[in-house]
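S.K.: Predicted structure and sequence below. I'll ask about it afterward.
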Amino acid sequence: MDLMKNLEGFVGENLDLLTPVEQAWQPTDFLPDLTASDWSEQMARFRTTAMAIPDELLVVLVGNMVTEEALPNYSVSLSNIVPDPSGVATDNWSQWLRGWTSEENRHGDLLNAYLRLTGRVDMRSVEQTIHHLIRNGFNSNYQGDPCAGLIYAAFQERATRVSHGNVAKLASQSGDENLSRICRKIASEETRHETFYTRVVGQAMDQDPENAILAFRSMLRGIVAMPGRRMFDGKDPDLYDHFAVVAQRLGVYTVTSYAQIIQHLIETWGVAHRSLTGKAAKAQDYLCKQAERYTFFADEIAENLARQPHVEFSWIHGVRA
Ligand SMILES: [Fe+2]
Ligand SMILES: [Fe+2]
């Protein structure tokens, strides 16, 4: 907790990475205006372009939306490292956490509304999946260690940015510029959030490189737990894995993306150039080899996943992806 106190001033200098509400986009800006006199024409146009999205991409979009909708889990988890019994504290960390939550809250809202209005999704099944996911909880494996929690957040913001950014590209290629714009907007916000967590961790690394490197190593032991890991639609016990296979197959989020994120963070935080001894030096060695390790297996894993049978998703009637 000393770490969080030491970072308080630095967090204050970076609070401008939150957008003032008056300047922020809202989901409404990207959706048909149901109060307009030509609402039905707007809806018809919206649905026509949304028809261009291939089923498999729709499955990935639902998975991304479900992950965003479980925001309460991530806020609960972060409140362990930014405790605020009053709920309205004005210190910099509390301001960041509430500001971040309120910005993130629009991501799930927008994707949820987009998917509902397409008329192509079994929303009840999707809603049950969100309900289960929030009930099932989220284990980031950072065990209350603030530094590991911040590293995890930096990793995840970049991972979601990559994922939304790739959906944007594929949506544009399929001819739904509207969805592409939506995903680009969300991705750019993930980038802003990533900048915050990356800077803060950089600062933590400068203050106490040993502790930060050890926290980073413990994060990367095994595989970084994905936030939507425990999603369940009441039917498919391997729903997350099935969703992840489709995301990998479409190139939205792949083993290579994972390796690139690790490499990026290692470079940004100058992990290789920190002078360390003992346990921390060993952890540093381990970290610097991770990206290469995943890249080495990436093709093999991709081929393996490409061979996985297509499965039925309850999210979209009769769709195997
Ligand atoms: Fe998000
Ligand atoms: Fe995010």
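M.R.: Okay, I see it. Ligands and ions are numbered 1, 2, ... in the order given.

S.K.: residues of stretch 274-292 that come out buried?
M.R.: Residues 274, 276, 280, 283-284, 287, 290-291 are the ones in stretch 274-292 that count as buried (16 or more other Cβ atoms under 10 Å). The way it works is simple: take the backbone N, C-alpha and C, and place the C-beta from them, glycine included.

S.K.: Show me the subset of those residues that also lies near ligand 1.
M.R.: For ligand 1, no contacts are drawn from the buried residues of stretch 274-292 by Cβ under 5 Å from the ion.

S.K.: Tell me the one among those nearest to residue 267.
M.R.: Nearest to residue 267 among the buried residues of stretch 274-292, counting by Cβ to Cβ, is residue 291 at 9.3 Å.

S.K.: Which other helices and strands does the helix or strand of the chain with the lowest mean pLDDT contact?
M.R.: Every helix and strand in the chain was compared by mean pLDDT, DSSP states H and E; the lowest is strand 319-320, with a mean of 86. Judged by 3 or more Cβ pairs under 8 Å, 6 or more residues apart in numbering; DSSP states H and E, the packing partners of strand 319-320 are helix 55-69, strand 312-313.

S.K.: Quickly compare these and say which is most buried.
M.R.: Most buried of the helices and strands packed on strand 319-320, by mean neighbour count (mean count of other Cβ atoms under 10 Å): helix 55-69, with a mean of 24.

S.K.: follow-up on the earlier one: give me the residues contacting the least confident helix or strand of the chain.
M.R.: For strand 319-320, the surrounding residues in contact (Cβ atoms under 8 Å, 6 or more residues apart in numbering) are 55, 58-59, 310-313.

S.K.: TSV for those residues, including distance to ligand 1 and pLDDT?
M.R.: Converted to TSV, these look like this (distance: Cβ to the ion, whole Å; pLDDT from 0 to 100):
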residue	distance to ligand 1	pLDDT
55	24	96
58	19	98
59	19	98
310	28	92
311	26	94
312	27	94
313	22	97
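
S.K.: pretty sure residue 197 is touching residue 149, no?
M.R.: No - counting by Cβ atoms under 8 Å, residue 197 stays clear of residue 149, with 9.5 Å between them.

S.K.: ok, which stretches of the chain are helices?
M.R.: Using DSSP state H, the helices of the chain run over 2-13, 39-50, 55-69, 71-78, 92-118, 123-136, 146-174, 177-207, 209-220, 239-249, 255-268, 278-306.

S.K.: Relative to residue 11, how far out is the closest residue to ligand 1 within the stretch 1-150 of the chain?
M.R.: Nearest residue of the stretch 1-150 of the chain to ligand 1: residue 107, at 3.8 Å (Cβ to the ion). Distance of residue 107 to residue 11, given as Cβ to Cβ, to the nearest Å: 22 Å.

S.K.: which one of the two has more residues nearby?
M.R.: More crowded of residue 107 and residue 11, by other Cβ atoms under 10 Å: residue 107, with 25 against 22.

S.K.: Poorly predicted segments of the protein, please.
M.R.: 1 (pLDDT under 70).

S.K.: For it, which residues are neighbours of ligand 2?
M.R.: 157, 160, 190, 193.

S.K.: Swap in 8 Å and give it another go.
M.R.: 68, 100, 104, 107, 156-157, 160-161, 189-190, 193-194 (Cβ under 8 Å from the ion).

S.K.: Tally up the residues packed near the residue lying closest to residue 18 once chain neighbours are set aside, please.
M.R.: Sequence neighbours aside, residue 99 is the residue nearest to residue 18 in space, at 4.0 Å (criterion: Cβ to Cβ, 6 or more residues apart in numbering). Residue 99 is flanked by 18 other residues according to other Cβ under 10 Å.

S.K.: hang on, residue 99 packs against residue 15?
M.R.: Yes - with contacts counted by Cβ under 8 Å, residue 99 reaches residue 15, the gap being 7.3 Å.

S.K.: can you list the residues of the stretch 151-300 of the chain near ligand 1?
M.R.: Checking the stretch 151-300 of the chain against ligand 1 by Cβ under 8 Å from the ion, the hits are 157, 160, 164, 186, 189-190, 193.
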